[in-house]
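Engineer: Need a 3D model of the following:
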Amino acid sequence: MYADINDEDIGIRTFQIRKERAVERAVEKIRYKLNSGWQTISSKDIDILSWSLGETWAMMGFYEWDQIGFSFIDMDALNKIIAIGKEVLEHKKLGTIAFEQIHQILKSLESSEV
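Structural biologist: Below you'll find the model as predicted:
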């Protein structure tokens with residue numbers, strides 16, 4: 001059973017787990033910051049947000065991601081990220097360009113969470 005699993009498979013799965021955990025932590029900080037504003041976001045948009053953050057995480061370095069102050073995000077920035085993610089999913093924007101735009105939004109957040 002385990003003979004079919006190689007180091008590459010383990011590496012890919014480890015990467016996926018790290019990405020999922022990073023996104024979960026970021027979304028939790030955002031949800032906490034927005035408080036009742038979070039209730040206005042549809043579950044579909046939350047899925048798009050999570051996917052967009054995950055793809056952006058994959059393009060960023062781990063250290064840089066940890067410096068982002070997700071608890072400083074506001075609804076405007078959040079809506080921009082969701083809108084960019086939608087453009088990618090609708091094939092209106094190239095992913096690499098979109099995720100760089102999201103990266104810039106995230107970098108603009110103040111960070112005192114170090």
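
Engineer: How about residues contacting stretch 10-20?
Structural biologist: The contact list for stretch 10-20, computed with Cβ atoms under 8 Å, 6 or more residues apart in numbering, reads 54, 57-58, 62. To be clear about C-beta, it is placed using only N, CA and C from the backbone, and glycine gets the same treatment.

Engineer: Show me the shaky parts of the protein.
Structural biologist: 1-3, 110-114 (pLDDT under 70).

Engineer: biggest helix in this structure, by residue count?
Structural biologist: Longest helix in the chain, counting residues (DSSP state H): helix 7-34.

Engineer: Now do it: distance to the chain's middle.
Structural biologist: 8 Å (Cα atoms, centre = their mean, to the nearest Å).

Engineer: That one: which residues count as buried?
Structural biologist: 19, 22-23, 26-27, 29-30, 33-34 (16 or more other Cβ atoms under 10 Å).

Engineer: rewinding a little: tell me which of the contacts of stretch 10-20 is nearest to residue 84?
Structural biologist: residue 54 (13.5 Å; Cβ to Cβ).

Engineer: Packing partners of the helix or strand harbouring the closest one?
Structural biologist: Element membership for residue 54, per DSSP states H and E: helix 43-59. Contacts defined by 3 or more Cβ pairs under 8 Å, 6 or more residues apart in numbering; DSSP states H and E place helix 43-59 against helix 7-34, helix 75-89, helix 95-107.
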